[in-house]
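A.B. asks: Mind folding the following:
(chains A and B)
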Number of protein chains: 2
Amino acid sequence: MAKGITVGKWIWYPDDFEIELSARFMLRRFERDVPIPPFWKQYSCWRNVKFTKKAKLDEPETLFVTAEGIFNVTVDGAYVYDADGKYELTAGEHEVVISVAAEKGLPAVKADGNVFATDGSYLVTCNDHNYMPAAFNDCLVYGDSTPNNVKLPEKVCEPVRTLKKGNTMIYDFGRELFARVRLLGAKKGQIAKIYYGESEEEAADFDCCELTAKLEIAGDVAETDNCQAFRFLAVKGASFNSVQALSEYLPQPREATFYSSDSLLNKIFDVSKYTLSLTTREFIIDGIKRDRWVWSGDAYQGYLMDYYCFFDKDAARRTMLGMFGREPFDLHLNHIMDYTFYWIMGFCDYYRYTGDKEFTLRNLSKAVSALEYCISRTDESGLMKGLDGDWVFIDWADNLDNTGEVSFENMLYCISLGMLGELLRSFGKEEEAVRYETLRARVAEKLEKFWDEEKGAYIHSFKDGVPDGKIFRYANIFAIIYDLCSPERQKRIVDCVLKSDKVQAITTPYMRFYELAALMKAGETEYVLDEIRDYWGGMLGEGATTFWETYDRRQKGDEKYAMYGRRYGKSLCHTWGASPLYLLGRYVAGLQPADCGKSFVLEPKLAGLDFLEYSLPFGDGEITLRVKNGGIKVLSTAMSGTLVWNGKRYRVEAGRELNLATVPTGKEYAVQYENV
Amino acid sequence: MAKGITVGKWIWYPDDFEIELSARFMLRRFERDVPIPPFWKQYSCWRNVKFTKKAKLDEPETLFVTAEGIFNVTVDGAYVYDADGKYELTAGEHEVVISVAAEKGLPAVKADGNVFATDGSYLVTCNDHNYMPAAFNDCLVYGDSTPNNVKLPEKVCEPVRTLKKGNTMIYDFGRELFARVRLLGAKKGQIAKIYYGESEEEAADFDCCELTAKLEIAGDVAETDNCQAFRFLAVKGASFNSVQALSEYLPQPREATFYSSDSLLNKIFDVSKYTLSLTTREFIIDGIKRDRWVWSGDAYQGYLMDYYCFFDKDAARRTMLGMFGREPFDLHLNHIMDYTFYWIMGFCDYYRYTGDKEFTLRNLSKAVSALEYCISRTDESGLMKGLDGDWVFIDWADNLDNTGEVSFENMLYCISLGMLGELLRSFGKEEEAVRYETLRARVAEKLEKFWDEEKGAYIHSFKDGVPDGKIFRYANIFAIIYDLCSPERQKRIVDCVLKSDKVQAITTPYMRFYELAALMKAGETEYVLDEIRDYWGGMLGEGATTFWETYDRRQKGDEKYAMYGRRYGKSLCHTWGASPLYLLGRYVAGLQPADCGKSFVLEPKLAGLDFLEYSLPFGDGEITLRVKNGGIKVLSTAMSGTLVWNGKRYRVEAGRELNLATVPTGKEYAVQYENV
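C.D. replies: The predicted model follows:
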């Protein structure tokens, strides 16, 4: 390549990379050897697109073009024949148009050159007369990765020990991995059968383990194609010298660190972080063994954890785009009514946390069309009710009849109207904002019919105009978190519902996420920390190296791993298992974005912790707080914000440590602590 | 395979085969070595679909499943592991569900078995809650062809002669082909450069010929991948023993035959048929050298020719579906306003000619959404006017300013409203029918403002309420063909416009098609036959083996082949060049469908021909007429209909020859004729 040449970015039509990547990624779920594609619609990219750029060259330039798909280049309107990908541009004004079409996969192009090297300054059209800035992705498409062949990096892991179960050797890699399997020194021509286990029991149970693979040995080194979730492996049908795991990971340049006087909480934080690091991949998925899919309800919690752990904006964006697909919006996401609302809420949150105008404006119509779809399906009283084909879900729980007007769903509807109205207003879209604000007010009013003053709770549903009188936690939790009622009423809910044994307990970490958040918001920090120590500490006690889809300390033996009627059906590495990341970040550090991601408010609540050093990536920088003995130090590297401490507000200047006392560093504290 | 097993059909989600096939097919256009993808949107199939069938088995059955894409099978709700594509079903009731998902291309499945062998009795969903009968295609997907790899059969052709141009050997295959090139005995490692020519001049002009290819010689037999249009070839850069053409063709089980006392007309008919046989492939395209695309305006004429030549319904269906893509309809087809109307008209015609209820009903919403798109773009006076991005085309002609309200476009609008209204009515869709009929009447009324009584013609356009006063043939032709005005007015148009030298002549066979049809309809059969002899006979005089995109007898030498400013830009095998097929079938045989394809009317007009034996596939059978000396014999093998002869109506019974005189067969006539 010529000296001084600029290497171009791979560029494509906006959203299409995520749509294609998602469609491929979602096909990697297996049950034993059986692939399980998702049961909702999957979209495709546009197949033929056109990139264009006009610029004036001070000196001649050679453009080296490669594409995924067939392509042609016109320079100033003329095709260049026999170019073999090399185009000479003279000094002066030029218009370069690159048409790319792919029989299969995403049409994308990369041109190395100088001024005309590909980047976001190219415009692109899907041939619908509209042009917009070309998209690229620096997080996934670099090095050996191309747009149609994204390869996350891998590291080689060796088993930390082997154990014998009967005649079978089980290889233990020490902790949960998402990895391919490599056999070394195996005999050519053999077919190895691999049994994966998140638990030792699973890997040893050849008939019931959730994942199996066949590996045809073609040489001295044989590797499976598809990553799977496992800590333990058994291999049959082949003799070999050794086995390795090629552990695939998404590099995270930044991550939160939590070090406190409570070593159990520290461990819970670290394992939560490792859990989220495994489920945040091309997309934020539910679990790495199962479902390996993007579910909107899981993703919504994933975004919130991400903002308090990696602040990986691109992972959130990819997940929103890949899941949404393409307008028109004509089916609930994942077929679930709640999940459409979570998408809208996640989209609005994204702007609140990041202030990313470009992404938000470009995709605003998606949120609007999702919400308009919901509005178009309200009943005669203007409330959401499950229609044919709608899955009204809420949670896995007994006795939940979600027919009719369900308070929980209508709260999500009300929240979505409010959040999207606010977002539209912040972009100056007055008319649409007013539409949603007005609707929100109307829905909020109608929610009153669910309030049972006597019981101090929102009831579950109305069917044919008749209240069912049943109380569940869900709606009541959301009324607190999203301020759908007065502080007085919120207090009553805490007493009458959240702290009541009479109301059916939540058993899933999915809704537990919101329940603990509501309790945190209601000021029950110590209570929640104890719950975290109990529930997540319980999993650690079971030897968990990542947090599970669900946990019940009463379950023993194999029962622990069973779910959905399958002996090892439970996922042992599940995004929502990592919720302490959010609970600690949002309510112990007390960090919240302000002014659409341009600022922050920090209101730490130590809740009995003697010492805390907590560092969180936020925006483009990092916020670190250190607390001990009522003293606090705060350093925000890139963003100014506000500290609320002992009821007083302090300005935190970007790059200048706010020092409200002498506080040791984590290292100093550890030394003191160990010396005690 | 077990004895007595039924080989399943490849099945898929309706439309998706055509959409995928089209998206691949449309990427095969080249200019020299440069691929030219279309400049309109291309759609994709759904990526994950689910097939399902319930049936009761009297005896056990083994199902052998193969898929394009990944797949799983549930039998009675349970996954079958380690199946390797083989599923055992016991006697009794079963529900089989096959989920298929493709990372790339069309998800499709084929199951051999017995009762559960795949066919149209399976239902399929794209996971949007709706199920419809699975689609298959017996015309293209059989033998070695799979849904994602359709291969038309090929026959080997040898050059009929070689000629030397300077140092270059030109291989002449005797007539136009659409073929791959095979070199025999070439030396491995060489790279042959192939120059294609529809004319001898083109193949010999290495710098300007429209198509070139590189062929890397890897063995004794080397073949190009991509078919190209040519009659002549030159090959440089490699030594070889011989060259062959692998001529790809779409098998047509039926075809019209025309034998008359006019041998020039006979030849014109045969060359027209050969032309259409080359342009009717996976789709009915414009031309095989260029553009190799589906253009709605060209396709509309192609359907009409097809009904009078091959009666290949599937080619028409494939073309309509592949071109349409997927709803919502949000851009004019090929970006051209006229072309959206032609799609609607072609769709309505299809039902008129074939009576194919299943296809028509399933795709009715496409026609409706296309028309609604147009309606949504009418101006304040309810007429169509080109908006931003609309290409208002009509024809290649000088002095055509298509801004404002153009009479031609609004006639197409009026015709579409009328045809679709009628179609909806025939399916009992009263309300929609009334809507379009009412609109049609309103538009017809508004068309009156274009009529210039003095000039006896419809003027071209209104701009800002002001008539431009210009007369072109187009609108006036359509007013005749589609009966948009009274017979008296039609007569005036013939005199004042069609037969007037003062109105700009039509130079393209594209609009010539309609002009000659209008003249035929106006009773000018002999005049039109003379025109055919002159224009098409002229091309034959130039040595044409297929009919051209355009022809002007005044052009000599290289000028003949030039177009679009390119020396060999003209396509020498163009669908619309085959229009004698329609003109002769529709107006000389005088064949028209009646009663939505269930019957026919035959009203032959010999126009000076001494003898005619004309056989046309129609519906499921064939209609043959023989005429001489005012006597006629008609045989319709499968459909009863009506003969109009000398002003009288006769019933033609299916399978019984109607004999109104002694008429020789073509063979007998030939003997008599030759003896004269």
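A.B. asks: how close does A:Tyr339 sit to chain B?
C.D. replies: 15 Å (C-beta to the nearest C-beta, to the nearest Å). The C-beta positions use only the backbone N, C-alpha and C, and glycine is treated the same way.
A.B. asks: contacting residues for that residue?
C.D. replies: Each residue near A:Tyr339 by C-beta atoms under 8 Å, 6 or more residues apart in numbering or on different chains is listed here: A:Trp295, A:Ser296, A:Gly297, A:His332, A:Leu333, A:Phe393.
A.B. asks: What are the phi and psi values at the nearest residue to it once chain neighbours are set aside?
C.D. replies: Distance criterion C-beta to C-beta, 6 or more residues apart in numbering or on different chains; nearest residue to A:Tyr339, sequence neighbours excluded, is A:Ser296 at 3.5 Å. For A:Ser296, the backbone dihedrals are phi -60, psi -40 (criterion: degrees, to the nearest 10).
A.B. asks: Just give the nearest non-adjacent residue to A:Glu95, would you?
C.D. replies: A:Lys54 (4.7 Å).
A.B. asks: and if you look at A:Gly469?
C.D. replies: Closest to A:Gly469 by C-beta to C-beta, 6+ apart is A:Ile459, at 5.7 Å.
A.B. asks: tally of neighbours for that neighbour?
C.D. replies: 19 (other C-beta atoms under 10 Å in any protein chain shown).
A.B. asks: And it, what's its pLDDT?
C.D. replies: Each residue has a pLDDT score; the one for A:Ile459 is 98.
A.B. asks: in the helix or strand harbouring A:Asp534, what counts as buried?
C.D. replies: Assigned by DSSP states H and E, A:Asp534 belongs to helix A:525-541. Buried residues in helix A:525-541, counted by 16 or more other C-beta atoms under 10 Å in any protein chain shown: A:Thr525, A:Tyr527, A:Val528, A:Leu529, A:Glu531, A:Ile532, A:Arg533, A:Tyr535, A:Trp536, A:Gly537, A:Met539.
A.B. asks: Going by distance to chain B, which of those residues wins?
C.D. replies: A:Met539 (29.1 Å; C-beta to the nearest C-beta).
A.B. asks: isn't the closest one right next to A:Glu549, touching?
C.D. replies: No. Counting by C-beta atoms under 8 Å, A:Met539 does not reach A:Glu549; the two are 10.8 Å apart.
A.B. asks: which neighbours do the two share?
C.D. replies: Shared contacts of A:Met539 and A:Glu549, counting by C-beta under 8 Å, 6+ apart, come down to A:Gly577.
A.B. asks: give me the number of residues near the residue nearest to A:Glu95?
C.D. replies: Other residues close to A:Lys54 by other C-beta under 10 Å number 13.
A.B. asks: Check the secondary structure at it for me.
C.D. replies: Of the three states, A:Lys54 takes strand under DSSP: H, G, I helix; E, B strand; the rest coil.
A.B. asks: That one: what's it in contact with?
C.D. replies: A:Glu93, A:His94, A:Glu95, A:Val96 are the contacts of A:Lys54 under C-beta under 8 Å, 6+ apart.
A.B. asks: Is it possible to get JSON lines of these that adds pLDDT and secondary structure?
C.D. replies: JSON lines is the format used below for the contacts of A:Lys54 (pLDDT from 0 to 100; DSSP: H, G, I helix; E, B strand; the rest coil):
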{"residue": "A:Glu93", "pLDDT": "98", "secondary structure": "strand"}
{"residue": "A:His94", "pLDDT": "98", "secondary structure": "strand"}
{"residue": "A:Glu95", "pLDDT": "98", "secondary structure": "strand"}
{"residue": "A:Val96", "pLDDT": "98", "secondary structure": "strand"}
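A.B. asks: Which single one of those residues is nearest to chain B?
C.D. replies: A:Val96 (14.6 Å).
A.B. asks: Mind listing the residues bridging to that closest one?
C.D. replies: A:Lys53, A:Val75 (DSSP bridges).
A.B. asks: Against A:Arg352, how distant is A:Gln592?
C.D. replies: 9 Å (C-beta to C-beta, to the nearest Å).
A.B. asks: hey, where'd the strands end up in the stretch 451-600 of chain A?
C.D. replies: A:451-452, A:457-458, A:461-463, A:466-467, A:591-594, A:599-602 (DSSP state E, counting those that start in this stretch).
A.B. asks: how about a markdown table for these, with mean neighbour count and distance to chain B added?
C.D. replies: As requested, the strands of the stretch 451-600 of chain A are exported to a markdown table (neighbours: other C-beta atoms under 10 Å in any protein chain shown; distance: least, C-beta to the nearest C-beta, whole Å):
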| stretch | mean neighbour count | distance to chain B |
| --- | --- | --- |
| strand A:451-452 | 16 | 34 |
| strand A:457-458 | 28 | 30 |
| strand A:461-463 | 20 | 23 |
| strand A:466-467 | 12 | 28 |
| strand A:591-594 | 19 | 36 |
| strand A:599-602 | 20 | 41 |
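A.B. asks: so which of the ones you listed comes closest to B:Pro14?
C.D. replies: Nearest to B:Pro14 among the strands of the stretch 451-600 of chain A is strand A:461-463 (37.8 Å), distances taken as C-beta to C-beta.
A.B. asks: which neighbours does that closest one have in its sheet, and in what orientation?
C.D. replies: strand A:405-406 (antiparallel), strand A:466-467 (antiparallel).
A.B. asks: Which residues does it contact?
C.D. replies: Residues contacting strand A:461-463 (C-beta under 8 Å, 6+ apart): A:Asp401, A:Asn402, A:Thr403, A:Gly404, A:Glu405, A:Val406, A:Ser407, A:Lys449, A:Phe450, A:Pro467, A:Asp468, A:Lys470.
A.B. asks: Check stretch A:65-72 too.
C.D. replies: Against stretch A:65-72 from outside (C-beta under 8 Å, 6+ apart): A:10, A:73, A:79, A:85-87, A:98-103, A:105-111, A:146-148, B:27, B:34-37.
A.B. asks: what does the stretch 201-350 of chain A put close to chain B?
C.D. replies: A:Pro328, A:Asp330, A:Leu331, A:His335 (C-beta under 8 Å from any C-beta of the partner chain).
A.B. asks: Now, those residues that are in helices?
C.D. replies: Counting by DSSP state H, those place none of their members in helices.
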